[in-house]
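Peer 1: from the sequence below, what's the structure:
(chains A and B)
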Amino acid sequence: MKKAGFVFAAGALLALASPLTAYIGPGAGFAFLSSFLVLFLTFLMALFSFLSWPFRFLWKALRGQRAYKKSPIHRLVVLGLDGMEPTLAERFMAEGKLPNLALLKKEGTYARLRTTTPAISPVAWSSFMTGSEPSKHNIFDFLSRDPRTYLPDLSSARIGKPKRTVALGKYLIPLSKPEIRGMRKSVPFWKILGEKGIFSTVLRVPITFPPEKFKGHLLSGMCAPDLKGSQGTFAFFTEDTDKVRKHEGGVAVLVAREGSIIRTEISGPENTMLKKPAEIRLPLAITVDKEAKGAWLEIQGQKKFFLKEKTFSPWTPIAFRPGLGMKIRAICKFYIVALEPKFEMYMTPLNIDPEKPALPISHPFIYSVYLSKLLGRFITLGEANDTWALNEGALDEKAFLELTYANHAEWEAMFWNALSKTPKGLVGVVFETTDSIQHMFFRYLDKAHPALKAAPARMSAAVIEELYKKMDDLVGRVVATLDARSVLFVMSDHGFKSFRRGVNLNSWLHQNGYLTLVEGKKESAGWFKDVDWDRTKAYGLGLGGIYLNLKGREARGIVAPGAESGALKAELVCKLTALRDGANGPAAVTNVYDRDAVYSGPYKENAPDLIIGYNEGYRASWDGVTGIVNAVVIDDNTKAWSGDHCIDPALVPGVLFSNLKIKTASPSIMDIAPTALELFGLTPPVHMDGRGLVDIAGLPGAKKGKPT
Amino acid sequence: MGIVNLVFGRIVDVILLPFRGASPWFGMAAVSLLTALLMLEVYKHTSNQAAIRRAKDRIKAHLLELRLFKDSMPVTLRAQAAILKANLSYLAANLKPLLVMIVPLVLILAQLSLWFDRATLGPGEETLVKIGLEEKADPISLPMELETSPGLAIVSPAVRIPDQHEVAWRLKAIAAGPGHLTLRIGGLALVKSVVVGGRPLTKVSPLASRGSLWKQVLYPGERALAAGTPVRSIEVLYPAKSLNIFGLRVHWLVAYLILSIAFGFAFKGVLKVEI
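Peer 2: Residues are numbered from 1 along each chain as shown, chains lettered A, B, ... in the order given. Here you go, the predicted model:
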């Protein structure tokens, strides 16, 4: 009532105002002008939209894009739950804890979904989207290696510097855009759908950075970098000198308090506009207010806000200025871990601001801007959930879960928006929530896990059960939106198993004479620092690959291609499959896959020569993955990261649920792409290795005639 | 009201003091800049900045939606409806600052009109002086006499217009400088200032009134006329003034509107104001 009176009074005042007084200042005046501009613009766009619609319709018809003419369905929804483990899903369904998934199983389909070799998310999701085995899409791991240097590269994308620059004083002005090149090959099925006029919205599917052009909208997922170009570098500000050490996936910053004020810096991206590139830093002042149980944060002397202890800040936009008036924008969240006795604060990796992206993270470019304006700022980093922060003790389990579910809520909001705006076509989304939480809490399902002995349990197996229930609830809500001509696939790219023991392949290779260190060294630091390549036959890199030091391929290769390399591979397969954890212990490796036996595509040469299929409970060790060589071959994994899937693919299939019946008992992740094409009345291209899972002719909406 | 006019008048006088000998554009730019900064601060503190930001974001999002979903008629229609709704929210969020700002703005504009609305009389120039009377007063029979200070001269007898309750004289400016008119009526003397010549930016008060508060607000250049006579106003018809740019004549209000909005827009980022 009070508000209505206020509005009336305001209206009356405006109505009575003379021309002189109708102008209400540069603030509100501008607001009103722009408001009328918006109305005018909207009217024009509406008019254009109405008038042009018949022509656009005609154009589409003339081009033969009667997209859904032969399509038995209107909409396909692919709900990816990264890493959902079939044995857990089956158990919880049997216990009546997942009613929605159980209903899909009863009325449609449930099957274990065969994964790729190796069973790693970027590999599996690339096979999902291309319908092809890894040697056709060129993704074999998170990491690939440069055979000239033996150093790792990110397998999914290369971000280079601008090709053309001009020097101006201390600056190097870019005249062209930085080179951003996707390394994944082959064609995602949504691009084929788009060529036939079928619209898609694809959200957070791994290995979609940089985004490719197609008819639809896409937001990049796993492997999209942070502003520093890394896969996520958190910052941990602490007064505790004992905690300042090298952190995986993050940096620790020692801070000191003067009175109640801590002055420190936020470390930003490298300033490549300088002739001598240097990191851009922003001053951060933290004023601790013990009585209010929080602190005032002031970034660059401007943004000032209060943050309570053990509370996440909202996404905070910050801008780095490389010079010449340019700004590189990021967003981050802060979390005060402790005020006393020692101040400790976590800061998320610097995410690319979706509202003003420094790198393209969506297609079209404005899609991320649109989502941000509509739903608020959101996490854009590919590896979104900060597992390293929990692993390294920068966050506790409760805070990690809070952050992870907050990210999940952002993705859900985008997903619902896509569902509501895509009545026809494809909606594909991958939630990595399932993967991240299982990685970090799997030990609670495994009472014998070494991490439980190393650190007391603070939570329980209920965390994972709760996760599965939440996902089941999500599935239930999605099913409720489906009409008779909508198809739903709920799937995971791989399953999960406990990761109790780590195997350092490089140490094993060293102990068995295949990898040699330089004279006088008994161990090697990271990335093969002390390896003598002239006397090394093989090396391990990534989560399960062994590369031969091949002549003509590796810079200092010594193994001749052909008979010698074949014999070496056979020898390694034989010895590794015999590797046991202790004299009478279990086998650490169940299978070793020769790439020549499992791959046949054009990019086979980029694959590791051998792919290790670890036994359940084992995985590549933390040291081994980063090229460290030491005396330990197999040791306990005592980190919070206690579940994994980078093992023998046969042991970690994913799940597939659908509201349709499928015609095979043993589907593969590569079958989803051809199935999607067939559901929309299209013939899958011959290069796809997967096969259609659904009897299309038997569908109620199936039309007679050949697919296009 | 007199005190308020005095305070605002002094402030504007001080601001324009350095620009009196220069082109009026300089004074206009200075006033526009200062009011833009002042109003931005007022706007910032009287508006719900978060609500304005939200409404603007929604408008932008749905505008982008029109572009992103151009082939979907239902989405397009829903987006248009959403834009209208968000626009209304935006306008509603602007009402409070509007109401707060309108008061000082009217006072400032009234002061600016003294400087920019009318030009002074040139020596030798003639114009009219009008006396507005109450409706019950008869201009034919009412005895009144208009006297001038040196430098001014009455060059016609009084013209009495009963229908308009008005008496008018023709006034001639003889020499540059401040002057005044004295109207003697019923034993009282009412004084009205007159300006002849002067610098490019000179304060000119065209009307002295005994009217309502609203009149006092709109014509703040002189003290209110004394009560006890049937005279409502004394008005000197100064020539209209306009600002020139590249040969184009621009009304001062238009110039002020454009400049203050431009300055407001330019400084909103610096002052961190969401408009």
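
Peer 1: which segments of the chain make up each domain?
Peer 2: Looking at chain A here, since you left the chain open. When chain A is parsed with automatic domain parsing, its domains come out as A:2-62, A:74-165+A:187-224+A:382-495+A:664-708, A:232-352, A:500-651.

Peer 1: please go with chain B instead
Peer 2: When chain B is parsed into structural domains using automatic domain parsing, the resulting residue ranges are B:2-117+B:248-268, B:126-240.

Peer 1: show me the shaky parts of chain B.
Peer 2: Segments of chain B classed as low confidence (criterion: pLDDT under 70) are B:1, B:211.

Peer 1: which residue does the stretch 151-275 of chain B bring closest to chain A?
Peer 2: Using CB to the nearest CB, the point where the stretch 151-275 of chain B gets nearest to chain A is residue B:264, with a distance of 2.9 Å. For every residue, glycine as well, the C-beta is placed using N, CA and C.

Peer 1: for chain A, what are the low-confidence residue spans?
Peer 2: Under the criterion pLDDT under 70, the flagged ranges of chain A are A:1-36, A:63-66, A:247, A:703-708.

Peer 1: so which residue is dead centre in it?
Peer 2: Nearest to the centroid of the C-alpha atoms of chain A, with distances taken as CA atoms, centre = their mean, sits residue A:222, at 1.9 Å.

Peer 1: turn the domains of chain B into a markdown table, including mean neighbour count.
Peer 2: A markdown table is the format used below for these (neighbours: other CB atoms under 10 Å in any protein chain shown):
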| stretch | mean neighbour count |
| --- | --- |
| domain B:2-117+B:248-268 | 18 |
| domain B:126-240 | 17 |
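
Peer 1: nearest to residue A:602, out of the ones you listed?
Peer 2: Each of these was scored for nearness to residue A:602 using CB to CB, and the closest is domain B:2-117+B:248-268 (35.2 Å).

Peer 1: does stretch B:27-46 reach chain A?
Peer 2: Yes - counting by CB under 8 Å from any CB of the partner chain, chain A has neighbours in stretch B:27-46: B:35, B:36, B:39, B:40, B:42, B:43, B:44.

Peer 1: now for the closest residue to the last one other than its chain neighbours, how many residues are close by?
Peer 2: I take that to be residue B:44. Across the structure, with CB to CB, 6 or more residues apart in numbering or on different chains as the measure, the residue nearest residue B:44 apart from its sequence neighbours is residue B:273 (4.4 Å). Burial measure for residue B:273: 21 neighbouring residues, criterion other CB atoms under 10 Å in any protein chain shown.

Peer 1: equivalent analysis for residue A:461, please.
Peer 2: By the other CB under 10 Å criterion, the neighbourhood of residue A:461 contains 16 residues.

Peer 1: phi, psi of it?
Peer 2: Backbone torsions of residue A:461, given as degrees, to the nearest 10, read phi -60, psi -10.

Peer 1: that one is in contact with residue A:443, isn't it?
Peer 2: No - between residue A:461 and residue A:443 there is no contact, the gap being 9.4 Å when judged by CB atoms under 8 Å.

Peer 1: just the helices in the stretch 601-708 of chain A please.
Peer 2: In chain order, the stretch 601-708 of chain A shows helices spanning A:622-625, A:672-679, with DSSP state H, counting those that start in this stretch as the criterion.

Peer 1: I'd like those as JSON lines, with distance to residue A:149 and mean neighbour count appended.
Peer 2: Written out in JSON lines, the entries for the helices of the stretch 601-708 of chain A read as follows (distance: least, CB to CB, whole Å; neighbours: other CB atoms under 10 Å in any protein chain shown):
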{"stretch": "helix A:622-625", "distance to residue A:149": "18", "mean neighbour count": "21"}
{"stretch": "helix A:672-679", "distance to residue A:149": "35", "mean neighbour count": "26"}
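
Peer 1: is it possible to get CSV of those that adds distance to chain B?
Peer 2: Listed next are the helices of the stretch 601-708 of chain A as CSV, based on distance: least, CB to the nearest CB, whole Å:
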stretch, distance to chain B
helix A:622-625, 40
helix A:672-679, 20
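
Peer 1: wait, residue A:577 sits on residue A:592?
Peer 2: Yes - under the criterion of CB under 8 Å, residue A:577 is in contact with residue A:592, at a separation of 5.8 Å.

Peer 1: now do the contacts for residue A:132.
Peer 2: Residue A:132 makes contact with A:186, A:601, A:670, A:673, A:687, A:688, A:689, A:690, according to CB atoms under 8 Å, 6 or more residues apart in numbering or on different chains.

Peer 1: what sits closest to the fourth one if chain neighbours are left out?
Peer 2: In space, not counting the residues next to it along the chain, residue A:673 is nearest to residue A:131; the distance is 3.2 Å by CB to CB, 6+ apart.

Peer 1: near that neighbour, how many other residues are there?
Peer 2: Residue neighbour count, defined by other CB under 10 Å, stands at 31 for residue A:131.

Peer 1: tell me how far it lies from residue A:692.
Peer 2: Using CB to CB, to the nearest Å, residue A:131 is found at 10 Å from residue A:692.

Peer 1: residue A:609 now?
Peer 2: Shown here: residue A:609 relative to residue A:692, a distance of 33 Å by CB to CB.

Peer 1: quick one, which of these two is more surrounded?
Peer 2: Set side by side, residue A:609 and residue A:692 show unequal neighbour counts under other CB under 10 Å, the larger going to residue A:692 at 23 against 20.

Peer 1: tell me which element residue A:403 falls in.
Peer 2: Residue A:403 belongs to helix A:397-421 when elements are defined using DSSP states H and E.

Peer 1: flag every buried residue along that helix.
Peer 2: If you call a residue buried by 16 or more other CB atoms under 10 Å in any protein chain shown, then helix A:397-421 has these buried ones: A:397, A:399-408, A:410-412, A:414-415, A:417-419, A:421.

Peer 1: packing partners of it?
Peer 2: Contact partners of helix A:397-421 among helices and strands, from 3 or more CB pairs under 8 Å, 6 or more residues apart in numbering or on different chains; DSSP states H and E: strand A:200-205, strand A:334-338, helix A:366-375, helix A:387-391, strand A:425-431, helix A:433-441, helix A:462-479.

Peer 1: backbone dihedrals for the residue nearest to the centre of chain A, both of them.
Peer 2: In this entry, residue A:222 is assigned phi and psi values of phi -40, psi 130 (degrees, to the nearest 10).

Peer 1: residues near residue A:145, how many?
Peer 2: Counted with other CB under 10 Å, residue A:145 comes out at 23.

Peer 1: ok, the nearest residue to it once chain neighbours are set aside to residue A:560 distance?
Peer 2: Nearest in space to residue A:145, with sequence neighbours left out and distances taken as CB to CB, 6+ apart, is residue A:541 at 5.0 Å. Applying CB to CB, one obtains 21 Å for the distance of residue A:541 from residue A:560.
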